[in-house]
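1. Got a sequence here, can you build the structure:
(one chain, ligands or ions: 2)
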Amino acid sequence: MRYPSRSLSWARALSWALGALFSLFITPAGAETLAVEGAKAQPPAWSELQMIGPADVPQPADDGRAWASRFADSGEEWVKLTYAQPIAIQEIRVYENLNPGAISKVIALNDFGEATLWAGEDTTKTSPFVVKAAGVKARQIKIELVTTRVPGWNEIDAVEIIDVQGQSHWAIDAQASSSYAQVSSGGDADGDLFSELVEKQLQVHLVSGTIVGGRLLKIREGFLELDTPSGRRLVARQFIQMIELP
Ligand SMILES: [Ca+2]
Ligand SMILES: [Ca+2]
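-> Ligands and ions are numbered 1, 2, ... in the order given. You can find the predicted model right below:
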């Protein structure tokens, strides 16, 4: 069952997205480009991809521009954020737009292994939740939550890293143990069809007339992730007209 506020947020996200033709997700200098192909496409509301880029939920609320787990109070969940390059971290700021306080652990991941930066119970229950890192270098951050600690959905809008120079960094990719988008998108009937195409070279014809050529890396909720000559691209499945296997 959906709450009315959830449908409203989705409508808001969609109307915002209508203005964004071929919107570029994020292009940090010297980093790979992750572009969304197929116009109007936005990641599904409440999917983990909503944590990519700067915080965009303007005030504390249930909002589809944030990640929400599949269930509100099912127990342990995690999210993993990837940044454009390894960062010497001074501070991590986790923007929790709804029911903050369920975070149980913050881990920095790099090529050499992992370091737990913080573990315990968040007694502040305020957003952003801030963890100091004293210069630990990492390209990925894993955040664990115990969602039973705070009733209702414990949503995360974005995760900001402040480096030792005071510069701000936002995630370019995200993963999660589950997401509410799996529920709101009503399952994945095409999943089996697309899974046969993973690692194959494809020519994807979009309804706009654009053709995107590349190797299929991953099937994401509502999107195909392709490795193209100009970088990684997300193609919205709803705008695919035909797929050619050259
Ligand atoms: Ca909860
Ligand atoms: Ca967001």
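2. In contact with the residue nearest to the spatial centre of the chain, which residues?
-> For the chain, the residue nearest the mean C-alpha position is Leu49 (2.1 Å; CA atoms, centre = their mean). Applying CB atoms under 8 Å, 6 or more residues apart in numbering to Leu49 gives the contacts Pro43, Ala174, Arg220, Glu221, Phe223. The C-beta positions use only the backbone N, C-alpha and C, and glycine is treated the same way.
3. Then Asp163?
-> Contacts for Asp163 were tallied using CB under 8 Å, 6+ apart; they are Ile87, Ala88, Ile89, Gln90, His169.
4. Quick one, which of these are buried?
-> Buried residues within the contacts of Asp163, defined by neighbour count using 16 or more other CB atoms under 10 Å: Ile87, Ile89, Gln90, His169.
5. which two from these end up farthest apart in space?
-> Greatest spatial distance among the buried ones among the contacts of Asp163 (CB to CB): Gln90 and His169, at 10.7 Å.
6. between these two, what contacts are shared?
-> Ile162, Asp163.
7. which SS state does Gln50 fall under?
-> State at Gln50, reduced to three classes by DSSP: H, G, I helix; E, B strand; the rest coil: helix.
8. is it true that it touches Asp157?
-> Yes: under the criterion of CB atoms under 8 Å, Gln50 makes contact with Asp157 at 7.4 Å.
9. Which of the residues in the top strand by length along the chain are classified as buried?
-> In the chain, assigned by DSSP state E, the strand with the most residues is strand 76-95. With burial defined by 16+ other CB under 10 Å, the residues of strand 76-95 counted as buried are 77-81, 83-84, 87, 89-95.
10. Stretch 207-215 now?
-> Neighbour-count burial for stretch 207-215 [16+ other CB under 10 Å]: Val212, Gly214.
11. go on, stretch 103-114?
-> Ile103, Ser104, Lys105, Val106, Ile107, Ala108, Leu109.
12. and for it, what are the contacting residues?
-> 76, 80, 86, 89, 92, 94, 96, 115-122, 129, 131, 133, 136-146, 149.
13. hmm, try it at 7 Å
-> Taking CB atoms under 7 Å, 6 or more residues apart in numbering as the criterion, the residues outside stretch 103-114 that touch it are 86, 89, 92, 94, 115-119, 122, 129, 131, 133, 136-146.
14. of the residues you listed, buried ones?
-> Of the contacts of stretch 103-114, these count as buried by 16+ other CB under 10 Å: 89, 92, 94, 117-118, 122, 129, 131, 133, 136-146.
15. how close does the closest residue to Val79 other than its chain neighbours sit to ligand 1?
-> Here the nearest residue to Val79 in space, its sequence neighbours aside, is Ala176; by CB to CB, 6 or more residues apart in numbering that works out to 4.6 Å. Distance of Ala176 to ligand 1, given as CB to the ion, to the nearest Å: 14 Å.
16. Pass me the low-pLDDT residue ranges in the protein, would you?
-> Within the chain, the stretches falling below the threshold (pLDDT under 70) are 1-41, 183-193.
17. which residue ranges form the helices in it?
-> Under the criterion DSSP state H, helices of the chain are mapped to 4-18, 181-184, 191-195.
18. returning to what we had before: which of Gln50 and Asp157 has more neighbours?
-> When Gln50 and Asp157 are compared for neighbours, Gln50 comes out ahead with 29 against 26, by other CB atoms under 10 Å.
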